[in-house]
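Undergrad: next come a sequence and a model predicted from it.
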Amino acid sequence: MLVRRSLSEGGSPAITIEGTTFVKAIVIALVATAFVSPARAQTMPGGFVFLRDIDPSILQDIRYAGLNNFVGRPLNGYGAAECIVKRDVGLALKAIQQALAPQKLSLKMLDCYRPARAVHDMVVWAQNGRETPAERRYNPGFSKKDLFRLGYIAERSGHSTGSAVDLTLVDLKADNSVQFDPAKAYANCTAAAGARAPEGSVDMGTGYDCSDMMAHTAASSITAAQRRWRSVLVAAMAKQGFVNYSKEWWHFSLPGAAGPAYDFPIMARHK
């Protein structure tokens with residue numbers, strides 16, 4: 001490689017580089033830098049914590065990090081199956097877990113902080129004009145394009161603020177070993193627990209992320225036992241200030257913990 005120093009038109013020194021290999025390397029590096037998304041460079045802000053660091057006894061099954069969800073794949077931004085929340089939310093969940101322990105019950109987190117890019121991923125999915133039988137299991141009564149109109153998906157989510165969580169209850173005395181099989185054709189989310197995709201939790205009357213009136217917290221079409229489990233969850237959460245979303249028995253938010261929406265990716269927790 002030959003480097004020459006000369007004068008530019010303005011009289012200041014300029015450097016000319018001869019050697020195509022070096023020039024190509026510089027160009028490639030500059031192009032790569034230009035396409036790095038600022039959002040991907042974000043790190044976890046102060047005030048956010050891994051729930052495992054607050055209470056490792058709380059079970060986790062972060063659905064959007066895997067295949068067992070209505071999209072059928074990991075959502076953008078879910079680089080690890082970890083529950084991240086605001087610290088106040090984590091401490092409140094720990095108090096709930098401690099209150100449930102004497103009943104041999106445990107919380108099970110299904111979703112926590114959700115990057116804004118994952119919310120956008122849901123929006124794109126809902127509007128792509130395609131719907132597979134596996135996707136339809138989650139909204140058996142209507143097309144997925146109606147999920148926005150009916151209030152099941154929003155273009156902005158409280159999950160992105162770190163103040164909202166999706167969760168269920170697990171009976172620690174029961175056999176919760178049945179695993180989700182992505183190759184199996186399960187019944188839709190309103191079917192009996194033995195026919196729909198396994199939750200590894202108590203029977204709440206529908207599966208998680210079921211867009212149907214049966215999933216409304218106060219639905220009258222479920223059994224007395226299912227209604228009782230929902231009441232146990234709502235009451236336990238309410239004692240620590242969480243408010244339930246009426247169309248989703250699994251969704252709770254903690255007023256006062258919200259703030260701006262974030263888009264930092266969920267990455268593996270360093271041990």
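TA: That came through, no problem. No experiment lies behind these values; they were computed from the predicted model shown. Numbering: from 1, shown residues only.

Undergrad: where do the strands sit along the chain?
TA: Using DSSP state E, the strands of the chain run over residues 2-7, 13-18, 48-50, 59-60, 84-86, 105-111, 164-171, 243-245, 248-253.

Undergrad: would CSV of the ones you listed with mean neighbour count be doable?
TA: All C-beta spots, glycine's among them, are computed from the backbone N, C-alpha and C. Listed next are the strands of the chain as CSV, based on neighbours: other C-beta atoms under 10 Å:
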stretch, mean neighbour count
strand 2-7, 8
strand 13-18, 10
strand 48-50, 20
strand 59-60, 20
strand 84-86, 24
strand 105-111, 22
strand 164-171, 23
strand 243-245, 16
strand 248-253, 24
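
Undergrad: let me see the contact set for Gln60.
TA: Contacts for Gln60 (C-beta atoms under 8 Å, 6 or more residues apart in numbering) come out as Leu51, Arg52, Ala81, Glu82, Cys83, Lys108, Met109.

Undergrad: torsion angles phi and psi at the nearest residue to Glu135 once chain neighbours are set aside?
TA: Leaving aside its sequence neighbours, Glu135 sits nearest to Phe70 (C-beta to C-beta, 6 or more residues apart in numbering; 6.0 Å). Main-chain torsions, Phe70, degrees, to the nearest 10: phi -70, psi -20.

Undergrad: if I look at Phe70, how far off is Ala174?
TA: 26 Å (C-beta to C-beta, to the nearest Å).

Undergrad: the two - which one has more neighbours?
TA: For Phe70 versus Ala174, neighbours defined as other C-beta atoms under 10 Å are more numerous around Phe70 (25 against 11).

Undergrad: that one contacts Tyr138, doesn't it?
TA: Yes. With contacts counted by C-beta atoms under 8 Å, Phe70 reaches Tyr138, the gap being 3.9 Å.

Undergrad: overlap in contacts of the two?
TA: Residues touching both Phe70 and Tyr138 by C-beta under 8 Å, 6+ apart: Asp209, Ser211.

Undergrad: measure the residue nearest to Glu135 to Cys210 for me?
TA: Here the criterion is C-beta to C-beta. By it, Phe70 lies 9 Å from Cys210.

Undergrad: intersection of neighbour lists for the two?
TA: Both Phe70 and Cys210 are contacted by Tyr138, Asn139, under the criterion C-beta under 8 Å, 6+ apart.

Undergrad: now do stretch 184-196: distance to the chain's middle.
TA: With C-alpha atoms, centre = their mean, to the nearest Å as the basis, stretch 184-196 stands 22 Å off its chain's centre.

Undergrad: end to end on that stretch, go ahead and measure it.
TA: Its first and final residues considered, stretch 184-196 spans 10 Å by C-alpha to C-alpha, to the nearest Å.

Undergrad: and for stretch 187-204?
TA: Taking C-alpha to C-alpha, stretch 187-204 runs 16 Å from one end to the other.
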